[in-house]
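Peer 1: Fold the following for me, if possible:
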Amino acid sequence: MTSVDKPAGKTGGRVRDAARTRAEILEVATEEFARAGYAGARVDEIAARTRTTKRMIYYYFGGKEQLFTAVLERAYAVIREAEQDLDVDHLDPVSAIRRLCEVTFDHHERHPDFIRLVSIENIHEAEHIASSERLSRMGSPALDVIGRILASGRAAGVFRDDVDAVDLHAMISAFCFFRVSNRHTFGTLFGRDLVAEERREHYRNMLCETVVAYLTAA
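Peer 2: Below you'll find the predicted structure:
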């Protein structure tokens, strides 16, 4: 067994090796699951690309199902961190909701593998997410941020008072998700690339303007 295959031991070096190995497995597994789907992904392929063994992957994660769950947990943790870091409390309500739209737009664009993984998990009716204690504890900082923005906008008499934070989150996410997930089918059917660089700011602004118009409608 090579040093990269050794499980975490008591020494700092072995712990760091184990952490690096686990992180590398998750990185490659993310690419493999996003490319081939849950059914098509092969643990042997992930092992070969990480210079480790199938046995060690099972040691760290327990099996293919648990590995896919860990991949989902990692993907959601990244977007939750971005949401957690979002600082809009110093902005007026309209500027704040625009900033949240922009952050969501940018994140979905930069993480196409996240879009594919969520699509795959929806095919499996969210069974892996439902079984994850980590994801159930993670919550959604975005909902907290949206709730504060909506409350501020209502208090200022700017936003309508019948908008739910979850519905607004779904509205923003739907546009950002569709733009990435359906770019190929949409482009083939309508001859327009939704992620073309020259139209990026157009779509980014379109999202913001749509959400603001919805929130400020009489």
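Peer 1: so where's the protein uncertain?
Peer 2: The model of the chain has pLDDT under 70 over residues 1-16.
Peer 1: show me what contacts N182?
Peer 2: N182 makes contact with L194, according to CB atoms under 8 Å, 6 or more residues apart in numbering. Quick note: C-beta positions are derived from backbone N, CA and C, even for glycine.
Peer 1: run the last query once more with 6 Å
Peer 2: By CB atoms under 6 Å, 6 or more residues apart in numbering, the contact set of N182 is empty.
Peer 1: do G187 as well
Peer 2: Neighbours of G187 in contact, by CB under 6 Å, 6+ apart: D193.
Peer 1: What helix or strand is it located in?
Peer 2: Using DSSP states H and E, G187 falls within helix 183-190.
Peer 1: CA-only coordinates of that helix in PDB, if you can.
Peer 2: C-alpha atoms of helix 183-190 as PDB (Å, rounded to 0.1, in the frame of the first residue of the first chain):
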ATOM      1  CA  ARG A 183     -28.200  25.700 -23.200                       C
ATOM      2  CA  HIS A 184     -27.700  22.800 -25.700                       C
ATOM      3  CA  THR A 185     -31.400  22.000 -26.300                       C
ATOM      4  CA  PHE A 186     -32.400  25.600 -26.300                       C
ATOM      5  CA  GLY A 187     -29.600  26.600 -28.600                       C
ATOM      6  CA  THR A 188     -30.400  23.800 -31.000                       C
ATOM      7  CA  LEU A 189     -34.100  24.600 -31.100                       C
ATOM      8  CA  PHE A 190     -33.900  28.400 -31.200                       C
END
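Peer 1: can you pull the buried residues of it?
Peer 2: Neighbour counts using 16 or more other CB atoms under 10 Å place R183 of helix 183-190 among the buried residues.
Peer 1: Ok, stretch 124-134 next?
Peer 2: Buried, per 16+ other CB under 10 Å, within stretch 124-134: 128-129, 132.
Peer 1: And for stretch 57-72?
Peer 2: For stretch 57-72, burial by neighbour count (16+ other CB under 10 Å) applies to 57, 59-61, 64, 66-72.
Peer 1: Pull the distance from it to the chain's centre.
Peer 2: 18 Å (CA atoms, centre = their mean, to the nearest Å).
Peer 1: how far does it stretch from start to finish?
Peer 2: Using CA to CA, to the nearest Å, one end of stretch 57-72 lies 16 Å from the other.
Peer 1: For R183, which residues are in contact?
Peer 2: Here R183 is in contact with 194-195 (CB under 6 Å, 6+ apart).
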